[in-house]
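Novice: based on what follows, work out the 3D shape:
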Amino acid sequence: MFDHIYQDSVEESGTHLRLALKQIARHQLPYNPICYAVWYEYATGRNEALNLDIKTLEERNTQIGYDTILKFFRSYIADEQSQLAEIKTTEFKTILGEITRHLGSSGRQIDKNGANVESFSGRLVNENTAEEVRKISKGILSETKSIIHQSNSLKQEMDDTITEIDALKKELEGVKRAAKTDMLTGLLNRRGLDEAMARTLDYVNKNQIPLTIIIADIDHFKQVNDTHGHLIGDNVLRMLAKLLKEHIEAKDIAARFGGEEFILILPETALKEAFVLAEKIRLSLKGRRWINKNTGQPIGAITISLGVAEYQAGESLPDLIERADNALYQAKDTGRNKTVTELDIETA
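Specialist: Numbers count the residues shown, from 1 in each chain. Next up is the predicted model:
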């Protein structure tokens with residue numbers, strides 16, 4: 001799988017990148033991280049299943065669209081990040097096992113040396129001849145040197161192992177972050193959101209504090225993609241992600257919920273406060289002017305619709321999301337570019 005983890009030389013990576021760019025251009029795809037990841041993996045030739053799927057489509061003269069690339073990414077790249085995390089975790093456990101073995105082996109040897117020293121010391125008390133004292137002293141010295149040698153050897157092994165653990169730990173943390181992060185926007189993906197939400201709900205329930213979620217959806221996003229291309233669409237997604245992060249606090253969570261939908265998890269925030277925040281985000285985005293850098297042509301205003309719902313003690317996460325979703329659909333159905341709360345639906 002990902003045990004190779006792209007340990008290519010500069011020359012090899014350059015060759016792979018040129019092939020990846022060629023394929024992206026051939027199929028008229030956006031030059032974004034998801035397309036790079038899929039086509040780079042294809043260029044290496046290491047992922048047989050991915051290459052077979054692509055070869056089959058190309059033999060049929062099928063142009064590979066962005067939706068297909070997304071499917072390949074989820075099937076062959078994103079999920080394998082989790083498998084890579086499992087591999088690195090196994091390596092970590094192996095190293096810990098080696099540490100235990102070294103400690104046990106060295107500890108037993110040191111215990112043995114210590115017992116010998118104690119035995120020699122006992123004999124020394126009862127011996128009076130110079131020759132016997134010399135022999136016993138020589139034995140004590142020998143066992144002491146052995147203890148020092150074992151200790152130094154163990155220290156070196158431990159130092160080397162700690163260095164290896166530190167490197168593996170950093171790599172494992174990076175892999176786990178990648179498995180929970182949306183590559184395009186840098187926000188949490190659904191996997192990362194589920195984990196973060198579970199921790200947040202636990203915190204909220206224990207401390208009996210409010211929690212509100214906001215679901216935001218870009219208005220007419222398909223029209224943006226169809227009119228200006230996926231590259232512009234991806235830039236819109238990235239800019240919205242940046243805008244969301246600018247408006248939330250460290251305790252809050254922002255995630256890409258799927259496609260052009262985003263979700264904000266706001267602990268210690270009641271419904272009215274969340275509505276105010278949602279409106280700030282909506283108006284901030286509405287006030288921006290978008291221009292196609294390639295053509296210089298204005299894209300027009302990009303707007304979002306938002307649904308807001310507050311957590312009710314003991315309810316399930318799907319129920320909370322459903323209420324926010326219902327509010328979002330109400331915003332969509334009544335003209336878009338607005339924020340609707342669950343209370344607005346009840347009084348509509």
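Novice: ok, T334 - contacts?
Specialist: V340 (CB atoms under 8 Å, 6 or more residues apart in numbering). No exception for glycine: its C-beta is placed from N, CA and C like everyone else's.
Novice: got phi/psi on it?
Specialist: phi -110, psi 30 (degrees, to the nearest 10).
Novice: how much space between it and G287?
Specialist: With distances taken as CB to CB, to the nearest Å, T334 is found 22 Å from G287.
Novice: try I304
Specialist: In terms of CB to CB, I304 sits 12 Å off from G287.
Novice: what about these two, which has more around it?
Specialist: Per other CB atoms under 10 Å, whichever of I304 and G287 has more neighbours is I304, with 26 against 8.
Novice: three-state assignment of the spatially closest residue to that one that is not a sequence neighbour?
Specialist: What sits nearest to I304 in space, not counting adjacent residues and going by CB to CB, 6 or more residues apart in numbering, is A216, at 4.8 Å. At A216 the chain is in strand, as set by DSSP: H, G, I helix; E, B strand; the rest coil.
Novice: over to V340?
Specialist: Classified using three-state DSSP, V340 is strand.
Novice: give the contact list for it.
Specialist: Contacts of V340 (CB under 8 Å, 6+ apart): 305-308, 327-328, 330-331, 334.
Novice: and the strands in the stretch 151-300 of the chain?
Specialist: For the stretch 151-300 of the chain, the strands defined by DSSP state E, counting those that start in this stretch occupy 211-218, 253-258, 261-267, 290-291, 298-300.
Novice: save these as JSON lines, and put in distance to R191 too.
Specialist: Below are the strands of the stretch 151-300 of the chain laid out as JSON lines (distance: least, CB to CB, whole Å):
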{"stretch": "strand 211-218", "distance to R191": "17"}
{"stretch": "strand 253-258", "distance to R191": "10"}
{"stretch": "strand 261-267", "distance to R191": "13"}
{"stretch": "strand 290-291", "distance to R191": "31"}
{"stretch": "strand 298-300", "distance to R191": "32"}
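Novice: including mean pLDDT and mean neighbour count, could the ones you listed go into a markdown table?
Specialist: Below are the strands of the stretch 151-300 of the chain laid out as a markdown table (pLDDT from 0 to 100; neighbours: other CB atoms under 10 Å):
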| stretch | mean pLDDT | mean neighbour count |
| --- | --- | --- |
| strand 211-218 | 96 | 24 |
| strand 253-258 | 90 | 21 |
| strand 261-267 | 95 | 23 |
| strand 290-291 | 79 | 15 |
| strand 298-300 | 78 | 13 |
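Novice: my guess is L17 contacts Y42. True?
Specialist: No. Using CB atoms under 8 Å, L17 is not in contact with Y42, being 11.8 Å away.
Novice: these two: who's more crowded?
Specialist: Neighbours per residue, other CB under 10 Å: of L17 and Y42, the larger number sits with Y42, 21 against 15.
Novice: surely the more buried one meets A20?
Specialist: Yes. At 7.2 Å, Y42 counts as touching A20 under the criterion of CB under 8 Å.
Novice: dump the residue contacts of the residue lying closest to V224 once chain neighbours are set aside.
Specialist: For V224, ignoring the flanking residues on the chain, the nearest one in space by CB to CB, 6+ apart is G233 at 5.4 Å. Going by CB under 8 Å, 6+ apart, G233 touches 30, 221, 224-225.
Novice: of those residues, which is the nearest to M183?
Specialist: Distance to M183 across the contacts of G233 (CB to CB) is lowest for P30, with 12.8 Å.
Novice: look up how far L19 lies from the closest one.
Specialist: From P30 across to L19, the span is 17 Å (CB to CB).
Novice: tell me which of the two has more neighbours.
Specialist: Remark: of P30 and L19, P30 carries more neighbours, 20 against 16, as counted by other CB under 10 Å.
Novice: sounds good, over and out.
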